[in-house]
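Peer 1: Got a predicted structure plus its sequence, pasted below:
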Amino acid sequence: MRIRKSAEDRKSEIEQTALDLAFKIGPTQVTTGMIAKKLGLTQPAIYRHYPKKDDIWAAIAAHLGEQIDQNITASQKGNPAPAEQLKKLVLGHLQLVKENPALPEFMVIRDKTDGHIVVQDSIQDAMTAFRVALVTNIRAAINAGDFRAGLDENDAATLIFGVVQSLVLRMMVTRNPAILMKDGQRLLDLQLAGFTPTGENP
């Protein structure tokens, strides 16, 4: 006997399936027909929850943006030392991308629909907040003496972003999200070691 799912559960399932397909074939190639087929539903069943495909992307935009914001908040729990909070922030973001590997796919779309633009704008806004959190933590780590005096917090944030972006690019090329956490902590530790007082040039 087939169990009837609640509207919220079905919406979550539709959104997740759209994300899975977006990572597999690219956001611009995803159709409601594909989503319906993967879920064993009819297209009208999809439209009962989302009258337009762009409505699916709008829901995904809100969800991804909220997850990025939640990671920023989660990194502050327990009031950890600035350098530790910085690590939690970056590794939490890598974990988020691992769980939603389609996220960076939206950032490289050229021929976008209105729905894709909504997702891209939402992610960009959330990533702006992520960068602000990076800079804030780096500045606090400098003030605490964990990072060397004279370190430019914006340059340091750019270098950390470079670690994240290089890992994300490798994931997109290899189609292997596991590398984000497998290599992420080691490479982040290597980068942060260059910010410490012992790493200061004579």
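Peer 2: Right, received. Where do you want to start?
Peer 1: Buried residues, the strand or helix carrying H116. List them.
Peer 2: Secondary-structure assignment from DSSP states H and E places H116 in helix 114-143. Under the neighbour-count criterion of 16 or more other Cβ atoms under 10 Å, helix 114-143 has 115-116, 118-120, 122-123, 126-127, 130, 133-142 buried. Yep, even glycine has a C-beta here, placed from its N, CA and C like the rest.
Peer 1: got it, and stretch 18-34?
Peer 2: When neighbours are counted by 16+ other Cβ under 10 Å, the buried residues of stretch 18-34 are found to be A18, L19, D20, L21, A22, F23, P27, V30, T32, M34.
Peer 1: closest to L96 among these?
Peer 2: Using Cβ to Cβ, L19 comes nearest to L96 of these, at 12.3 Å.
Peer 1: May I ask which helix or strand encompasses that closest one?
Peer 2: helix 7-25.
Peer 1: count of residues packed around I56?
Peer 2: I56 has 24 neighbouring residues, counting by other Cβ atoms under 10 Å.
Peer 1: ugh, wrong one, F161
Peer 2: Other residues near F161 number 15, with proximity taken as other Cβ under 10 Å.
Peer 1: Distance of it relative to H93?
Peer 2: Taking Cβ to Cβ, to the nearest Å as the measure, F161 and H93 are separated by 10 Å.
Peer 1: Next: D55.
Peer 2: On the measure of Cβ to Cβ, D55 and H93 end up 27 Å apart.
Peer 1: Check K77 too.
Peer 2: In this view, K77 and H93 are 15 Å apart by Cβ to Cβ.
Peer 1: Between the two, which has more neighbouring residues?
Peer 2: Neighbours per residue (other Cβ under 10 Å) separate K77 from H93, with H93 holding more: 25 against 9.
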